[in-house]
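>>> structure here, sequence nowhere to be found:
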């Protein structure tokens, strides 16, 4: 289901869990195939952030999301891995108001039978939400600066 992406990906600290999964592939070819799988998954998510293979995921305790945000988990088959341990999981946030996807964690069933522990997950979620909030503040400040510059050009001397 490749098409024009509607949702944009926000850079978050998912790299650690992604690199850990990538290390399970020994050959260059396997790593490249894995990377292609992830790119395809993310491309599809940008077009449809709520595919049938995903579900709403409960939040860990002591955390809440702003309105119009969802915490979801996508299940997918990992290349070359069999059985339940070969099932990949991608946890992500969907901000339907701003059409943004925030990647939170990627792992296999072998690594976590259910999901990462609530304490670790809470830290990663807070970091992801903080990153998005900072980006929004920067964008707002940038817009104010541009408006200010435009105003100064439009004022006659």
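That came in fine, so what should we check first? Owing to the predicted nature of the structure, the values given are computational and were not obtained by experimental measurement. Numbers count the residues shown, from 1 in each chain.
>>> for stretch 48-66, which positions count as buried?
49, 51, 54, 57, 60 (16 or more other C-beta atoms under 10 Å). Heads up, the C-betas are built off the backbone N, CA and C, glycines and all.
>>> what segments of this protein are strands?
8-10, 54-56, 69-77, 87-95, 100-108 (DSSP state E).
>>> least confident of those strands, on average?
Ranked by mean pLDDT, these bottom out at strand 8-10, which scores a mean of 85.
>>> name the residues of that one that are buried.
For strand 8-10, by 16+ other C-beta under 10 Å, it's 9-10.
>>> coming back round to it: got CSV for the strands of the chain, with distance to residue 23 too?
CSV is the format used below for those (distance: least, C-beta to C-beta, whole Å):
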stretch, distance to residue 23
strand 8-10, 22
strand 54-56, 25
strand 69-77, 18
strand 87-95, 14
strand 100-108, 12
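>>> next, format the buried residues of stretch 48-66 as TSV and append distance to residue 34.
What follows is the buried residues of stretch 48-66, written out as TSV (distance: C-beta to C-beta, whole Å):
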residue	distance to residue 34
49	22
51	20
54	20
57	23
60	28
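>>> what's the distance between stretch 48-64 and the middle of its chain?
11 Å (C-alpha atoms, centre = their mean, to the nearest Å).
>>> next: stretch 45-62.
Taking mean C-alpha positions (C-alpha atoms, centre = their mean), stretch 45-62 and its chain are 10 Å apart.
>>> for that stretch, measure first residue to last.
Start and end residues of stretch 45-62 are separated by 28 Å (C-alpha to C-alpha, to the nearest Å).
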